[in-house]
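Participant: Dropping a prediction and its sequence here:
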Amino acid sequence: MAGKPSGGLRALLGAILSFAGPRLPATIAVVALAAVLEGVGLVLLLPVAETVFSQGSGSEGGLSGNLLSWLSNVGADTPLEQLLVMGSAFLLLIILRALVLMKRDVMMMQLAQGFVDHIRRGFFDRLAHADWPVIKRFRKSQLLNSITTNIGRLAVTMQFLSNGLVLSMMSLAYLVAAFVVSPVLGVALLGMIALGLVFAVIWMRRSHRLGRNLNRASRGVMHETTRFLEGMKAAKAARAEAELAERFAQSIAETRAISVQFVMQQSRLRNAVQVIAACFALIVLLVGFGIVGLSGGELLVMAAIVLRLAPNLVATFGGLQSIAHALPAFESIRALEAELDEAHRPWRSSAPLDNKNAVLPGGLLRLKDCRVEVQDDHGDPVTLVQSDQLEIAPGSLVHIGGPSGAGKSTLVEVIAGLHLPARGDVTWGDVSLNTETRRAWQSQIAFAPQEPFIFDGTVRENLLWPNCEASDELIREKLAEAEADRIVSALPDGLDEELLDGGARLSGGERQRLCLARALLRPARMFILDEATSAMDPQLERRIIGGLRERVGDRIILMVSHSLNAVQYADMRIAVSDGRARVAV
Ligand SMILES: Nc1ncnc2c1ncn2[C@@H]1O[C@H](COP(=O)(O)OP(=O)(O)OP(=O)(O)O)[C@@H](O)[C@H]1O
């Protein structure tokens, strides 16, 4: 992660530039036009003020003098006529400015929001395509934090960057207006801005540091939030609610403390800029009146410029702090993306599935000298499971057993194409598992994991997820095979019933049966059930496995299970212990 705000800021600006492409010049042009209109409006105030203050005696030369004499030449002789012409021009300018401001705000918003969505989508894409072992490596709270909190902070950064661009253009316009009124005071104003900028840049480092601390703390909050939600039941049973709530309170107290520090820093900067601006306003008054000899009108316009510029500068410099403060969120997203990119590399060449021409796997499944590895935190390979020689014939129901943590799930994950073997071969008929064949390979596998996945949607949508087409008749048939038909018929809307909150109203075993039915609906040549019946009672499990055995046909069914039912019905048993898979005799 970049240590200095400038590194992260450069990366962020680079990313925005490449996202915005040709839209950026048009957006900047509209922002600049809005600023020019603002500046022209202020400069136009000068002849209006001169006309009011001099009450028709007129001023010689200069911008006001030239404009007023031009107005006399075109027939506006009296101060009232001149005020009328200038007032009308001013009004037109205000209307034009309002239209340009509207356009500017919409363009800026589209750019800022579009960029945030672009980063959000890119992150999701990388996550979706990352290699499975790597996704397992990340903590859920870490990913959630990036998708929610960090993306939210990036949106805030974009808001400040957009405002910063607008405010800087406006400040430039005020500065030019000040030079037009009085070059001497214009130079002084420039000095004041430079001084404020020095303060702001020095403070940016501190804001960045605070932002990094906030990153760490918000990750902690997300971790405690997921712990709080997932651990509620266990905590209630163990009467540990107070401990859970206390940990959560501590982690949010830390983020609050960092936020307070940042607000205090923002206030200090705002105070400093305001004091500098007040000093400058006094200098304008004294120097403008006593030394430069500005007229009443010029002093009035100068005061208007300073009054508009000061809050602008306060907002710009405060915005710079907010950008530096939120930058670590962007840096964190980028760091995670780099890790996901790295992880995605082995699969990057995965060819898309060409349904017509793909050679589909099928027949004998063979694992030869196969070894599955992941990288530890130092990037060193760690072997999770290996097997010398395993052969599984079509038409077999295979039980995979062994102690907890032995490597059973990892073994079926490699067969399911979720891992690439680091060494050796996994072949199915004539097809060898690799990046080229992986999609065709996976198209022939239905996988039911131990943790049932139910999303908010109807029962039918859940059963047909993803990309499965089936008639209601077939759906009912598969529900019956998974002993889930009575669950669905008991629901008021049957297949059209909306399942909410991950099917929270169903029991663990009921959710597992629905997910089993989903797997059975897929026209697959291999079914992998990874402890997919673990929450069912033995009689129910027995009926389901017995049914699967009867209907196995020429398919392969792999069942990871600790249950005797699976052992009883199995044609073949594989024992996994200490990361080594062997045929059990
Ligand atoms: N991505 C990973 N990085 C590091 N270690 C991992 C990873 N995935 C799994 N492991 C480790 O590999 C070992 C085997 O895990 P696996 O889930 O395959 O075991 P299992 O036999 O299915 O266990 P259980 O019966 O408890 O589900 C475990 O010690 C696990 O912690």
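Facilitator: Perfect, thanks for sending it.
Participant: List phi and psi for the nearest residue to Arg23 once chain neighbours are set aside.
Facilitator: Closest residue in space to Arg23, ignoring its immediate chain neighbours: Leu111 at 6.4 Å, by C-beta to C-beta, 6 or more residues apart in numbering. Every residue, glycine included, has its C-beta placed from N, CA and C. Dihedral pair for Leu111: phi -70, psi -50, per degrees, to the nearest 10.
Participant: Correct me if wrong: Leu111 contacts Gly21.
Facilitator: No: with the criterion set as C-beta atoms under 8 Å, Leu111 and Gly21 do not qualify as a contacting pair; they are 10.5 Å apart.
Participant: Tell me the helix or strand right after the one helix or strand Thr427 maps to.
Facilitator: Using DSSP states H and E, Thr427 sits within strand 423-428. The element immediately downstream of strand 423-428 (helix or strand, assigned by DSSP H and E) is strand 431-432.
Participant: out of Leu111 and Gly21, which sits in the busier spot?
Facilitator: Relative neighbour count places Leu111 above the other of Leu111 and Gly21, with 21 against 8, counting by other C-beta atoms under 10 Å.
Participant: show me the residues around that one that make contact.
Facilitator: Contacts of Leu111 were listed using C-beta atoms under 8 Å, 6 or more residues apart in numbering, and they are Ile16, Ala20, Arg23, Leu24, Thr27, Ser162.
Participant: The same query, at a cut-off of 10 Å, please.
Facilitator: Under the criterion of C-beta atoms under 10 Å, 6 or more residues apart in numbering, the neighbours of Leu111 are Ile16, Phe19, Ala20, Arg23, Leu24, Ala26, Thr27, Met158, Leu161, Ser162, Leu165.
Participant: Ile276 and Val301, how far apart?
Facilitator: Computed with C-beta to C-beta, to the nearest Å, the distance linking Ile276 and Val301 is 21 Å.
Participant: same question, Val187
Facilitator: Shown here: Val187 relative to Val301, a distance of 17 Å by C-beta to C-beta.
Participant: who has more neighbours, the two?
Facilitator: Val301 (27 against 12).
Participant: Enumerate every residue touching that one.
Facilitator: Val301 makes contacts with 42-50, 64, 177-178, 180-182, 294-295, as judged by C-beta under 10 Å, 6+ apart.
Participant: for whatever helix or strand it lives in, what is the average pLDDT?
Facilitator: Counting by DSSP H and E, the element that carries Val301 is helix 296-344. Helix 296-344 shows an average pLDDT of 84 in the prediction.
Participant: how far is it from where the chain is centred?
Facilitator: With C-alpha atoms, centre = their mean, to the nearest Å as the basis, helix 296-344 stands 20 Å off its chain's centre.
Participant: same deal with stretch 405-412?
Facilitator: When C-alpha coordinates are averaged (C-alpha atoms, centre = their mean), stretch 405-412 and its chain have centres 32 Å apart.
Participant: Give me the contacts around stretch 147-155.
Facilitator: Applying C-beta under 10 Å, 6+ apart, the contact partners of stretch 147-155 are 12, 112-113, 115-117, 119-120, 123-124, 127, 144-146, 211, 214-215, 218-219, 221-222, 225, 255, 322, 325-334, 336.
Participant: Weed out the non-buried ones from those residues.
Facilitator: Among those, those classed as buried by neighbour count (16 or more other C-beta atoms under 10 Å) are 12, 112, 115-116, 119-120, 123, 127, 144-146, 211, 214-215, 218-219, 221-222, 225, 255, 322, 325-334, 336.
Participant: SS state for Arg505?
Facilitator: What DSSP: H, G, I helix; E, B strand; the rest coil gives for Arg505 is coil.
Participant: Next up, the contacts around it.
Facilitator: Leu491, Leu499, Arg511.
Participant: Could you do Glu550 as well?
Facilitator: By C-beta under 10 Å, 6+ apart, the contact set of Glu550 is Leu397, Glu481, Tyr569.
Participant: among these, which are in strands?
Facilitator: Among these, DSSP state E puts Leu397 in strands.
Participant: okay if I get the contacts of Glu550 as CSV plus neighbour count, distance to Leu340 and pLDDT?
Facilitator: Converted to CSV, those look like this (neighbours: other C-beta atoms under 10 Å; distance: C-beta to C-beta, whole Å; pLDDT from 0 to 100):
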residue, neighbour count, distance to Leu340, pLDDT
Leu397, 21, 37, 96
Glu481, 20, 38, 95
Tyr569, 19, 41, 92
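Participant: can I get the contacts of Glu550 in JSON lines with distance to the ligand?
Facilitator: Converted to JSON lines, the contacts of Glu550 look like this (distance: C-beta to the nearest ligand atom, whole Å):
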{"residue": "Leu397", "distance to the ligand": "19"}
{"residue": "Glu481", "distance to the ligand": "25"}
{"residue": "Tyr569", "distance to the ligand": "19"}
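Participant: about what we covered before: buried subset of the contacts of Leu111, written for PyMOL?
Facilitator: Command for PyMOL, covering only those of those found buried under the criterion 16+ other C-beta under 10 Å:
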select buried, resi 16+19+20+27+158+161+162+165
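Participant: with the contacts of Leu111 in mind, which one is nearest to Ala422?
Facilitator: Phe19 (36.9 Å; C-beta to C-beta).
Participant: Where does the closest one fall, secondary structure wise?
Facilitator: Phe19 belongs to helix 5-20 when elements are defined using DSSP H and E.
Participant: Spell out which parts of the stretch 51-200 of the chain neighbour the ligand.
Facilitator: Proximity of the stretch 51-200 of the chain to the ligand (C-beta under 6 Å from any ligand atom) is limited to residues Pro133, Lys136, Arg137.
Participant: the helices in the stretch 101-250 of the chain, which residues?
Facilitator: Counting by DSSP state H, counting those that start in this stretch, one finds helices in the stretch 101-250 of the chain at the ranges 132-137, 140-145, 151-181, 183-230, 232-237, 241-286.
Participant: As TSV, the ones you listed with distance to Asp377 would be great.
Facilitator: As requested, these are arranged in TSV below (distance: least, C-beta to C-beta, whole Å):
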stretch	distance to Asp377
helix 132-137	8
helix 140-145	13
helix 151-181	25
helix 183-230	16
helix 232-237	28
helix 241-286	23
